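Undergrad: Build me a model from this:
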Amino acid sequence: MRFMQPTRVPRTISGEKIELQLAAPPPGLRPVPTGSREKGSAFPSIRHRSLYKNKALANCSESRRLSTSRGGKAALTMAAIFSQLLVVWIGSALSLLFGQTGLGSLQSAPHPVSFTAEQDHQNMIEQLGIKALRPGPSGDEKAPNHANYDESKANPFPNLPDPLTLENGEKVTTPEMWWHERRPQIVEDFEREVYGRVPANVPKVTWSVSATDKEKIGFNPVTAKEVIGHVDNSAYPLIDVNIRMTLVTPANAKGPVPVLMMFGHSGFPAPNQPSAGELERINAALKALLVRQDPSLREVFEQHPAYVLETPPPFQMPQFNADGDPPSTWQIIADGWGFATIDPATIQADDGTGLTRGIIGLVNKGQPRKPDDWGALRAWAWGAARGLDYLETDPAVDAKHVGIEGVSRFGKAALVTMAFDERFAMVLVGSSGKGGATLLRRNFGEAVENLTGGEYYWMAGNFMKYGASDAAFGGKNAADLPVDSHELIALCAPRLTFISYGLPEKGDAKWLDQQGSFMAAAAASPVFILLGAKGLGISEDYHTAKMPGVNISLLDGRLAWRQHDGGHTDGPNMKHFLKWAGGFIGHAPPPTE
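TA: Numbers count the residues shown, from 1 in each chain. I've put the predicted structure just below:
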């Protein structure tokens, strides 16, 4: 095997025999048998590379001219040595960077397809044999095609699929029938027709802590950790996925604490700042560096001795919510919980152009989706589940009591996460609308056709069939769906599930259909009861149940509902969620000092 020891390679150049000694390669470079080509490698062996390079040198006119003199021979010898070393070390660097497998993958991997959202949408339309899609309604009430907000027209398909009836018509009467028969049927329908399947070959995620900071949130000391989840991309190195998450826990906690994972921007919430003395040293060092680069700045600094380059960040008042309460993260920490912010954009882009990138693109090796492939909502839910994998290893976290939270599209993602991963103990679903807690069969505000049009990438490709007016299979609408959102809520049973909305007058638009979400919660309630948990605590079924008024809570059961008096946020409901969830898991806030 070559490279086990420094190797002498005899060569003859212009009549003189020389020996070229190649040093052993850096650690980690795999040896290659002499005269062979590594399987899957684009590069020949070192011996072959040397022969190719020397042959090229010997045949060129410049080589013949140099070989007429002793000096020319020496120059040619040096050129040969340099060229061989260059080839060797370039090969070494590439091998170290990618590994032999990675080099083969790069050589054979197709480049990611670069579709616009319109092209990707059209590609799925063609795969499904759709000739025409119904356009979705407009959220502008003055537009000719504005959404319906007349409750008398809101239920064209008033009867929902029964979550407690098997596909063969048999009634589900025991928890065992639910867990072993009915629940798997509902999961299969959602995966095939609505949110898509998580592929079996999704790569492993490896988590590492990139930084730890000691901070204060609402005057409470906390430990904040930035963690990165690197998704193994050795099978397709052209796409890199690194999930960003920040875990924040009370510094003075006596033991592991419950944690609420929150979809949104991930970063240190209140970075610890240098002291006045440290800032003075930083400014002195920066000035000295600038003067060294541009000596004329010395006079400027002497004329302005009080000028500083770095100043402490100004104090910013916290943004209180509609009820006058502090930010949700302040409330969480003050109540003795921790929180983890996870950035969905680092998992999968929130647009159709990104479907050949992110985790979906990585698994598909940059190629377009198939009809039952996962959409962005399921991908974000998968990323949250991988975040939970990390939280289960952190000693500061009570891994049995980790919840998931999100608002709007991330409210949809939070509900999907809770439904499919039974390790999550609780969920706060904020203003989620269609694709989340609101019934898909309702004709009020946002419609199925909006989700099959501009928002198609949230869903599986197959979901587009239900917006088709003309297709090879005829046409479908919301009534043809085998499942609806009440069954997504039912998949969370009997775990803690809190459905939250705000006021349309304050910005939580009618488009979201608060009534449709309440009906879905009411229709899911019997599943909670079957599994031994209290549901919404109402006697009426979803056909007749009346949505409670603003700020009237239904918080006695494991399925909870509350419409607060704020806007498009779940902030005003956070204190109610913490008290409600804390009561069920046996968590008491720390004593105030």
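Undergrad: contacts, neighbours, all on C-alpha from now
TA: Fine.
Undergrad: ok, residue 352 - how many residues close by?
TA: For residue 352, the neighbour count with other Cα atoms under 10 Å is 22.
Undergrad: Could you do residue 585 as well?
TA: 14.
Undergrad: quick one: it and residue 401 touch, right?
TA: Yes - Residue 585 is within contact range of residue 401, at 7.5 Å (criterion: Cα atoms under 8 Å).
Undergrad: residues in contact with residue 554?
TA: Residues near residue 554 by Cα atoms under 8 Å, 6 or more residues apart in numbering: 536-537, 560-562.
Undergrad: Could you work out the most separated pair of those residues?
TA: 537 and 562 (12.9 Å; Cα to Cα).
Undergrad: next one: phi and psi at residue 405?
TA: Torsion angles at residue 405 (phi, psi; degrees, to the nearest 10) stand at phi -140, psi 150.
Undergrad: ok, it - how many residues close by?
TA: 27.
Undergrad: before we move on, what about residue 283?
TA: The burial count for residue 283: 16, using other Cα under 10 Å.
Undergrad: what do you get for residue 273?
TA: 12.
Undergrad: gap between it and residue 216?
TA: Counting by Cα to Cα, to the nearest Å, the separation of residue 273 from residue 216 is 11 Å.
Undergrad: and what of residue 562?
TA: For residue 562 relative to residue 216 (Cα to Cα), the value is 31 Å.
Undergrad: Comparing those two, which residue is more hemmed in?
TA: Set residue 562 next to residue 216 and count neighbours by other Cα under 10 Å: residue 562 wins out with 24 against 19.
Undergrad: what about that one, which SS state?
TA: strand (DSSP: H, G, I helix; E, B strand; the rest coil).
Undergrad: Check the residue nearest to it when sequence neighbours are not counted and give its pLDDT.
TA: The shortest distance from residue 562 to any residue other than its chain neighbours is 4.9 Å, reached at residue 553 (Cα to Cα, 6 or more residues apart in numbering). pLDDT for residue 553: 97.
Undergrad: Please apply the same query to the one 10 residues further on.
TA: Listed pLDDT for residue 563 reads 98.
Undergrad: Around it, count how many other residues there are.
TA: With other Cα under 10 Å as criterion, residue 563 counts 25.
Undergrad: Which residues does it form beta bridges with?
TA: residue 501 (DSSP bridges).
Undergrad: returning to that earlier point: out of the contacts of residue 554, which is most surrounded?
TA: That'd be residue 561 among the contacts of residue 554, by other Cα under 10 Å, with 26 neighbours.
Undergrad: Hmm, residue 514 and it touching each other?
TA: No - assessed by Cα under 8 Å, residue 561 is found out of contact with residue 514, at 10.6 Å.
Undergrad: Surely residue 208 is in a strand?
TA: Yes - assigned with three-state DSSP, residue 208 falls within a strand.
Undergrad: and it, what does it touch?
TA: 227-229.
Undergrad: mind listing the strands for the stretch 151-300 of the chain?
TA: 205-217, 220-231, 242-250, 257-263 (DSSP state E, counting those that start in this stretch).
Undergrad: Can you add mean pLDDT and give those strands back as TSV?
TA: Formatted as TSV, those follow (pLDDT from 0 to 100):
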stretch	mean pLDDT
strand 205-217	97
strand 220-231	98
strand 242-250	98
strand 257-263	98
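Undergrad: among the ones you listed, which is nearest residue 278?
TA: Comparing the strands of the stretch 151-300 of the chain under Cα to Cα, the one sitting nearest is strand 205-217, at 16.5 Å.
Undergrad: send the alpha carbons of that closest one over as CSV?
TA: Output in CSV follows, covering the C-alpha atoms of strand 205-217 (Å, rounded to 0.1, in the frame of the first residue of the first chain):
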residue,chain,number,x,y,z
VAL,A,205,-29.3,14.7,13.3
THR,A,206,-26.3,15.3,15.5
TRP,A,207,-26.7,18.1,18.1
SER,A,208,-23.9,20.2,19.6
VAL,A,209,-23.9,23.2,22.0
SER,A,210,-22.3,26.1,20.1
ALA,A,211,-22.4,28.7,23.0
THR,A,212,-23.7,29.1,26.5
ASP,A,213,-24.5,32.5,28.1
LYS,A,214,-25.6,33.6,31.5
GLU,A,215,-28.4,36.1,31.1
LYS,A,216,-31.4,37.7,32.8
ILE,A,217,-35.0,37.6,31.6
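Undergrad: what's the angle between that strand and strand 242-250?
TA: Calculated by axes from the mean of the first three to the mean of the last three Cα atoms, to 10 degrees, strand 205-217 forms an angle of 40 degrees with strand 242-250.
Undergrad: partners of strand 205-217 in the sheet?
TA: strand 220-231 (antiparallel).
Undergrad: Of all the residues in the partner strand, which ones are buried?
TA: 221-231 (16 or more other Cα atoms under 10 Å).
Undergrad: so which two of those are the farthest from each other?
TA: Maximum distance among those (Cα to Cα): 32.1 Å, for 221 and 231.
Undergrad: Could you check how many residues crowd around the closest residue to residue 297 other than its chain neighbours?
TA: Counting by Cα to Cα, 6+ apart, the nearest residue to residue 297 once its immediate chain neighbours are dropped is residue 291, at 5.4 Å. Neighbours of residue 291 under the rule other Cα under 10 Å: 16.
Undergrad: In contact with the closest residue to residue 160 other than its chain neighbours, which residues are there?
TA: Once flanking residues are discounted, residue 160 sits nearest to residue 484: 7.3 Å by Cα to Cα, 6+ apart. Shown in contact with residue 484 (Cα under 8 Å, 6+ apart): 160-161, 439-441.
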